[in-house]
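Colleague: Okay, sequence plus prediction incoming.
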Amino acid sequence: MQRLYDFIRRHPTGVDTFWAVVLLGFSLLWVGSSYPPVDNPAAYGVVAALYSLVVALRRRMPEKMLLLAVALSVAQLAFDLLPFFADLAILVIIYTVASSDGPRWASRVALIGGLSAATLSQLRWPMEGPGSNLAKIFFTVIMTVPFALAWVLGDSLRTRRAYFAQLEERASRLEQEREAQAKVAVAAERARIARELHDVVAHNVSVMVVQADGAAYVLDASPEQAKQALETISSTGRQALAEMRRLLGILRTGEHKEAGEYVPQPDVQQIEDLVEQVRGAGLTVDFRIEGTPRPLPSGVELTAYRIVQEALTNTRKHGGPDAGASVRLVYFDDGLGLLVEDDGRGATHEMYEDGGADGRGHGLIGMRERVGMVGGTLDAGPRPGGGFRISALLPLKPAH
């Protein structure tokens, strides 16, 4: 059964031609066996052949076949050719035109012609017998119903097909939008991971370099200090590896079951450990907390930690040998304030604008992106008395 259905769908013109031949055969049979015999059988045969052509080509050229059917109907009225079996082609072409996606004028012509066919036929060939006018009107209405029903079925099919086409288009559009959103999400996630890796590598490698230089300097004079510096390098390296493993685990596609089972993201409470680590690297840092500490959104806590980490890293890199820094965390009712300052010579201000001419300054760009993601504000620049200041306000709720 499915094969037959598929064959019919693949060969619509062939199927229509088959039914056209059937229509022509029954029409000629009617003409030959009618009683009393028709006056002009040749004319009936020509009309039947042309109506069969209408059925055969109805889907290939529906508008032209509709006009041909109208012309044949007019010819029947003009030459007094009584309605016969071939007139069923009129119902077929009305349905076809109403269901097609062609011009709407053709559908309107089919509707008007179908509704007027029975009336014109009754006027041309009135009912014989003593029937009343009311009976004739009722008969005309009954004969109009098939034509109206053919148009309604065809138009309903066209509307239904257009509805499903709209649904398919909408589904395709939604699929494209989902793919676009997925690409944007992937790009945003990669940018976030790049910022995370920058902060992790810049901070921890900087600490390791300072400790390695110090260990090399005191290796002969003070082996204990050199040993302590090497332990700091070891712990800092492990911490960097742990954070990088967590970040890279996000990029895994599930081939390892342990993907994602890494250390949690840093938070505000770990800022004090970060300050102690920096102090151990030889940088003097004054750390203060104002207000009442309380749990904050994870995005705000991670942003605060990364800002302090990047600011202290920049102080070590650009602040000079005797630079000192201060870190202040202020808990407000509606957010968290950060102030990181150093008293060193600082880097030139141009380094922090648009990534700098030499490609540096990406840390501050990452800070602005982080703060923007949580709806906060960031102010960074040289201090009037020397050094550099970074001030940030992180709201508890993202800005709309």
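Modeller: Yes, it's here. Quick caveat, the model's predicted, so the values are computed rather than measured.

Colleague: And the strands in the stretch 251-400 of the chain?
Modeller: Using DSSP state E, counting those that start in this stretch, the strands of the stretch 251-400 of the chain run over 284-290, 324-331, 335-342, 377-382, 388-395.

Colleague: how about JSON lines for these, with mean pLDDT and mean neighbour count added?
Modeller: C-beta here means a position set from N, CA and C on the backbone, and glycine is covered the same way. Rendered in JSON lines, the data for the strands of the stretch 251-400 of the chain read as follows (pLDDT from 0 to 100; neighbours: other C-beta atoms under 10 Å):
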{"stretch": "strand 284-290", "mean pLDDT": "92", "mean neighbour count": "14"}
{"stretch": "strand 324-331", "mean pLDDT": "93", "mean neighbour count": "18"}
{"stretch": "strand 335-342", "mean pLDDT": "92", "mean neighbour count": "22"}
{"stretch": "strand 377-382", "mean pLDDT": "90", "mean neighbour count": "15"}
{"stretch": "strand 388-395", "mean pLDDT": "92", "mean neighbour count": "21"}
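
Colleague: In TSV: the ones you listed, plus distance to Gln225.
Modeller: Output for those, formatted as TSV (distance: least, C-beta to C-beta, whole Å):
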stretch	distance to Gln225
strand 284-290	17
strand 324-331	21
strand 335-342	25
strand 377-382	34
strand 388-395	29
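
Colleague: Indicate which one of those is closest to Leu219.
Modeller: strand 284-290 (23.7 Å; C-beta to C-beta).

Colleague: Can you say which of the strands of the stretch 251-400 of the chain is nearest to Lys136?
Modeller: Nearest to Lys136 among the strands of the stretch 251-400 of the chain is strand 388-395; the distance by C-beta to C-beta comes to 83.9 Å.

Colleague: residues touching Ala110, list them.
Modeller: 66, 93-94, 97-98, 151 (C-beta atoms under 8 Å, 6 or more residues apart in numbering).

Colleague: For it, give its distance to Gln76.
Modeller: For Ala110, the distance to Gln76 (C-beta to C-beta, to the nearest Å) stands at 17 Å.

Colleague: in which helix or strand would I find Val184?
Modeller: Per DSSP states H and E: Val184 is located in helix 133-218.

Colleague: Average pLDDT for that helix, rounded please.
Modeller: Here helix 133-218 scores 82 as its mean pLDDT.

Colleague: Show me what that helix is packed up against.
Modeller: helix 88-99, helix 104-124, helix 223-250, helix 271-280, helix 298-318, helix 362-373 (3 or more C-beta pairs under 8 Å, 6 or more residues apart in numbering; DSSP states H and E).

Colleague: Adding distance to Ser206, write those helices out as TSV.
Modeller: Compiled in TSV, these are given as follows (distance: least, C-beta to C-beta, whole Å):
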stretch	distance to Ser206
helix 88-99	75
helix 104-124	74
helix 223-250	9
helix 271-280	9
helix 298-318	5
helix 362-373	11
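
Colleague: With adjacent residues omitted, what lies nearest to Arg288?
Modeller: Arg328 (5.1 Å; C-beta to C-beta, 6 or more residues apart in numbering).

Colleague: right, I mislabeled it, should have said Leu24
Modeller: Ser52 (4.0 Å).

Colleague: Do I have it right that that neighbour meets Asp87?
Modeller: No - in this structure, Ser52 is not within contact of Asp87 by C-beta atoms under 8 Å, at 11.8 Å.

Colleague: can you tell me how far His318 sits from Tyr305?
Modeller: Distance from His318 to Tyr305, by C-beta to C-beta: 21 Å.

Colleague: swap in Pro266?
Modeller: Counting by C-beta to C-beta, the gap from Pro266 to Tyr305 is 4 Å.

Colleague: which residues do the two both contact?
Modeller: Leu274.

Colleague: ok, back up a step: off-centre distance for the helix holding Val184?
Modeller: 3 Å (C-alpha atoms, centre = their mean, to the nearest Å).

Colleague: Next, the angle from it to helix 298-318.
Modeller: Orientation check (axes from the mean of the first three to the mean of the last three C-alpha atoms, to 10 degrees): helix 133-218 against helix 298-318 gives 40 degrees.

Colleague: so helix 133-218 versus helix 104-124, what angle?
Modeller: 170 degrees.

Colleague: Report the angle between helix 133-218 and helix 362-373.
Modeller: Orientation check (the same axes, to 10 degrees): helix 133-218 against helix 362-373 gives 140 degrees.

Colleague: start the count at 52, not 1, going forward
Modeller: Got it, the first residue is 52 from now on, which makes the last one we talked about helix 184-269.

Colleague: coming back round to it: and whichever helix or strand the residue nearest to Leu75 is part of, what other elements does it pack with?
Modeller: According to DSSP H and E, Ser103 maps onto helix 92-107. Packing partners of helix 92-107 (3+ C-beta pairs under 8 Å, 6+ apart): helix 63-84, helix 113-129, helix 139-150.

Colleague: I'd like to know which of those lies nearest to Ala431.
Modeller: Ala431 lies closest to helix 139-150 among these, at 68.5 Å (C-beta to C-beta).

Colleague: what residues does that closest one touch?
Modeller: 74, 102-103, 105-106, 109-110, 113-114, 116-117, 120, 124, 157-158, 160-162, 164-165, 168, 197-198, 201-206, 208-209, 212.

Colleague: cool, stretch 368-378 as well?
Modeller: Applying C-beta under 8 Å, 6+ apart, the contact partners of stretch 368-378 are 257, 322, 326, 329, 334-339, 359, 362-363, 366-367, 389-398, 438-439.

Colleague: Mean pLDDT and distance to Asp384 for the helices and strands packed on helix 184-269 - can I get that in CSV?
Modeller: Formatted as CSV, the helices and strands packed on helix 184-269 follow (pLDDT from 0 to 100; distance: least, C-beta to C-beta, whole Å):
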stretch, mean pLDDT, distance to Asp384
helix 139-150, 95, 67
helix 155-175, 92, 65
helix 274-301, 73, 32
helix 322-331, 87, 20
helix 349-369, 85, 14
helix 413-424, 78, 19
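
Colleague: Many thanks, I have nothing further to ask.
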